[in-house]
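Novice: Sequence and predicted structure are below.
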Number of protein chains: 2
Amino acid sequence: MAVNQQVRLADRPSGLPRASDWEFTSEPVPEPGPGQFVVAISHLSVDPAMRGWMNAGASYIPPVEIGAVMRAGGVGRVIASEHPGFAVGDEVTGMFGVQDYAVSDGRGVMKLDTSSVPLPTYLGALGTTGLTAYFGLLDTGQAKEGDTVVVSGAAGAVGSVAGQIAKIKGCRVIGIAGGPDKCRAVVEEFGFDAAIDYREPGLRRRLRELAPRGVDVYFDNVGGEILDDVLACLARGARIVICGAISQYNENQVRGPANYMMLLVARASMTGMLVFDYADRYPEALAELGGWYRAGRLVSREQIVHGSVRDFPATLLMLFEGANTGKLILALDGSS
Amino acid sequence: MAVNQQVRLADRPSGLPRASDWEFTSEPVPEPGPGQFVVAISHLSVDPAMRGWMNAGASYIPPVEIGAVMRAGGVGRVIASEHPGFAVGDEVTGMFGVQDYAVSDGRGVMKLDTSSVPLPTYLGALGTTGLTAYFGLLDTGQAKEGDTVVVSGAAGAVGSVAGQIAKIKGCRVIGIAGGPDKCRAVVEEFGFDAAIDYREPGLRRRLRELAPRGVDVYFDNVGGEILDDVLACLARGARIVICGAISQYNENQVRGPANYMMLLVARASMTGMLVFDYADRYPEALAELGGWYRAGRLVSREQIVHGSVRDFPATLLMLFEGANTGKLILALDGSS
């Protein structure tokens, strides 16, 4: 008899999450009540933002409660339904949690068309990841043709898409990533004009060489020292998009950008963005992203770990070790 | 015979400027060449930004060169002219430098009408100071009726005007200042709704009490820990105006805002502003500021130190000791 394996938050981590912060539970596979359906989850999205959701305190979204199933986006297939809008066999995406099966009333769940798009890509370039890159770059960042755009975490899920959109829009695009393999992917696979390996010395000097007229848009996924380096290289009127700060998520003392007064020198702005605010514009964005994807202009790179929900804790850590290129996904198809 | 006493930059300070960073020189009072005029300077503007001008390196304005007369705004009277647009007796304002007399070709110099406005007020609420508050609050900060506005350095030159403009525009205004006397001036003289003494503990708690729905606009003149406290109290969509960071100007290691990720949580922005960018809109702003001033709705508080240019170094230090309320001005009418 099938069971629903789940990963629950057992404790709030200090620093990197440890094994003792998680609890594995099993329940019977749920039955749908009236107006509900049940999804068999095939792939889970593994995101840096998850680390923030594990912390106590108010943020843009309530924290995951101790003892609750860990929050996660996912894709899967409807296996039972008492909901008029969802039928058995429908492929769907939603915030299903780190578990094998989820019950839903349909709120926040979207049906997917996999005739020309693989299901996991709806967690990548054609999912929240791609939408974050799209609105962050074009709306918050106001990137336009001829701009010099810098993207950190450029080999990562959001960064790799942000840079590709910037190229499509006629920008000159410089990626920042860790290590030669990622830098190669940034240029060769994702088509950035140049990549800088932040593990090598001289990041600021390289930025000045590659962006001699300054940086017009900085799409920041990492924070920390790299943010300070880019702040020192801004063009007049630059826009910094604060999308994430993965370098700081496990630090007990966040490093604030000491060069923030360059915002005054450059008459620049630094603005935080959250993709959820754009929900009413998802359809237009997905249409444009989908068009680029089908035309071969937008690569969705997914790094898929095959396993079970019990592999979630280790998979999450890969993000903070810089071990992934593209969108990190846990496929619930293994036996571990 | 009259001489032109001058204060020149002798060395670049580390930390607070010291006596050895300055040099006093004397020259004959200059004669105007063709297209020039000579101003007898009566009042010098003493500004926190001056500390930045003493540093080496590119900024929004070139540094004062070693050996050059220290840059300063001033007001005075034309005493000799070979310029068709300026006559002897004209009262004028411009970047005249820390000296008794300045030669000018008229660039950046504006004639003043002192029939209903005292001359030093053109260094205060009706000068660059007031213009900085005006454009910072209304353009960069987009303050509008009903907003909760927080101003740091609220008893200072720019802050006291920014808060008054916010009140005129129908905002609820909270000032942050150092010590009970300044806090009293902020409320009683400048008409803010409330003041918080940052020297007392519990700034963040007080902010939460006074702005229970969060801060919509933060006009920041100080940086440092106070910026972090306000970042923790932002309303959704808040705008932070980076006008200055007086707490950091003499620090060798700037404290960056560790809470900057609250920009993401609140979908907020932090934007640097420089008044010089608005030069083509000065007339409209001065007309509005002047109207408020003459109607008694805008107080221009000037703290005038009487002395000679030799008193400039000590007067500048008053800014960093928090010794002034309102616009700090050195009147060149004394004998020290």
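Specialist: That came in fine, so what should we check first?

Novice: Just checking the distance from stretch A:299-312 to the centre of its chain.
Specialist: Stretch A:299-312 sits 13 Å away from the centroid of its parent chain (C-alpha atoms, centre = their mean, to the nearest Å).

Novice: Likewise for stretch A:289-296?
Specialist: When distances are taken as C-alpha atoms, centre = their mean, stretch A:289-296 is centred 19 Å away from the chain's centroid.

Novice: Can you tell me what sits against that stretch?
Specialist: Outside of stretch A:289-296, the residues within contact range by C-beta atoms under 8 Å, 6 or more residues apart in numbering or on different chains are A:116-117, A:121, A:125-126, A:130-131, A:134, A:164-165, A:168, A:298, A:300. The C-beta positions use only the backbone N, C-alpha and C, and glycine is treated the same way.

Novice: Among those residues, which are located in helices?
Specialist: Using DSSP state H, the subset of these located in helices is A:130-131, A:134, A:164-165, A:168.

Novice: looking at these, which has the most residues close by?
Specialist: For those, the largest number of neighbours (other C-beta atoms under 10 Å in any protein chain shown) sits with residue A:130, at 32 neighbours.

Novice: Tell me if I'm right that that residue and residue A:124 touch.
Specialist: Yes: in this structure, residue A:130 sits in contact with residue A:124. The criterion is C-beta atoms under 8 Å, and the distance is 6.6 Å.

Novice: joint contacts of these two?
Specialist: Any residue near both residue A:130 and residue A:124 by C-beta under 8 Å, 6+ apart counts here, and that gives A:161, A:300.

Novice: what does the stretch 101-250 of chain A put close to chain B?
Specialist: A:223, A:228, A:242-245, A:248 (C-beta under 8 Å from any C-beta of the partner chain).

Novice: Try it again at 7 Å.
Specialist: Where the stretch 101-250 of chain A comes near chain B, counting by C-beta under 7 Å from any C-beta of the partner chain, the residues are A:242, A:245.

Novice: mind listing the strands for the stretch 101-250 of chain A?
Specialist: A:101-104, A:110-111, A:148-152, A:172-177, A:194-197, A:215-220, A:234-242 (DSSP state E, counting those that start in this stretch).

Novice: Looking at the most centrally placed residue in chain A now. What's its pLDDT?
Specialist: Nearest residue to the geometric centre of chain A (C-alpha atoms, centre = their mean): residue A:129, 4.5 Å. As summarised for this prediction, residue A:129 has a pLDDT of 97.

Novice: Give the closest residue to it in space, chain neighbours not counted.
Specialist: Excluding its sequence neighbours, the residue lying closest to residue A:129 (C-beta to C-beta, 6 or more residues apart in numbering or on different chains) is residue A:157, at 4.6 Å.

Novice: Look up phi and psi at residue A:33.
Specialist: In terms of degrees, to the nearest 10, the main-chain angles of residue A:33 are phi -80, psi -180.

Novice: ok, the spatially closest residue to it that is not a sequence neighbour - contacts?
Specialist: The shortest distance from residue A:33 to any non-neighbouring residue, by C-beta to C-beta, 6+ apart, is to residue A:82 (6.4 Å). Residues in contact with residue A:82 (C-beta atoms under 7 Å, 6 or more residues apart in numbering or on different chains) are A:32-37.

Novice: go again using 6 Å as the cut-off
Specialist: The neighbours of residue A:82, taking C-beta atoms under 6 Å, 6 or more residues apart in numbering or on different chains as the test, are A:32, A:34, A:36.

Novice: Distance-wise, check it relative to residue A:46.
Specialist: Using C-beta to C-beta, to the nearest Å, we find residue A:82 at a distance of 31 Å from residue A:46.

Novice: Pull the helix or strand containing residue A:39 out as PDB, backbone CA atoms only.
Specialist: Per DSSP states H and E: residue A:39 is located in strand A:37-45. Taking Å, rounded to 0.1, in the frame of the first residue of the first chain, the C-alpha atoms of strand A:37-45 are listed here in PDB:
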ATOM      1  CA  PHE A  37      -8.000  16.700  -5.600                       C
ATOM      2  CA  VAL A  38      -4.900  14.800  -4.900                       C
ATOM      3  CA  VAL A  39      -1.600  15.300  -6.700                       C
ATOM      4  CA  ALA A  40       1.100  12.700  -7.000                       C
ATOM      5  CA  ILE A  41       4.200  14.900  -7.000                       C
ATOM      6  CA  SER A  42       6.900  14.000  -9.500                       C
ATOM      7  CA  HIS A  43       9.300  16.900  -9.100                       C
ATOM      8  CA  LEU A  44      10.100  19.300  -6.300                       C
ATOM      9  CA  SER A  45      11.700  22.800  -6.800                       C
END
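
Novice: So is the helix or strand just after it next to chain B?
Specialist: Following strand A:37-45 in sequence order, the next helix or strand is helix A:49-53 (DSSP H and E). No: when contact is scored as C-beta under 6 Å from any C-beta of the partner chain, no part of helix A:49-53 falls within range of chain B; the minimum is 8.6 Å.

Novice: for the nearest residue to residue A:13 once chain neighbours are set aside, phi and psi?
Specialist: The shortest distance from residue A:13 to any non-neighbouring residue, by C-beta to C-beta, 6+ apart, is to residue A:21 (4.7 Å). Dihedral angles phi and psi of residue A:21 (degrees, to the nearest 10) take the values phi -80, psi -10.

Novice: does the residue in the stretch 1-150 of chain A that chain B sits nearest to belong to a helix or a strand, and which?
Specialist: Nearest residue of the stretch 1-150 of chain A to chain B: residue A:60, at 4.8 Å (C-beta to the nearest C-beta). Taking DSSP H and E as the definition, one finds residue A:60 inside no helix or strand.

Novice: these two touch, right, it and residue B:263?
Specialist: No: using C-beta atoms under 6 Å as the test, residue A:60 is too far from residue B:263 to be in contact (10.9 Å).

Novice: Tell me which of these two has more neighbours.
Specialist: For residue A:60 versus residue B:263, the count of surrounding residues by other C-beta under 10 Å is larger for residue B:263: 23 against 17.

Novice: The closest residue to residue A:119 other than its chain neighbours: neighbour count?
Specialist: Computed as C-beta to C-beta, 6+ apart, the closest residue to residue A:119 that is not its neighbour in sequence is residue A:75, at 5.1 Å. Counted with other C-beta under 10 Å, residues neighbouring residue A:75 total 26.

Novice: Could I get the contacting residues of residue A:85?
Specialist: Contact partners of residue A:85, counting by C-beta under 6 Å, 6+ apart, are residue A:106.

Novice: any idea of the pLDDT on it?
Specialist: In the predicted model, residue A:85 carries a pLDDT score of 97.

Novice: now the contacts of residue A:82 in JSON lines, with pLDDT and neighbour count?
Specialist: JSON lines is the format used below for these (pLDDT from 0 to 100; neighbours: other C-beta atoms under 10 Å in any protein chain shown):
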{"residue": "A:32", "pLDDT": "97", "neighbour count": "19"}
{"residue": "A:34", "pLDDT": "97", "neighbour count": "7"}
{"residue": "A:36", "pLDDT": "98", "neighbour count": "17"}
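
Novice: quick one: residue A:224 from residue B:221, how far?
Specialist: The separation that residue A:224 has from residue B:221, given C-beta to C-beta, amounts to 27 Å.

Novice: neighbour-wise, which of these two wins?
Specialist: residue B:221 (26 against 19).
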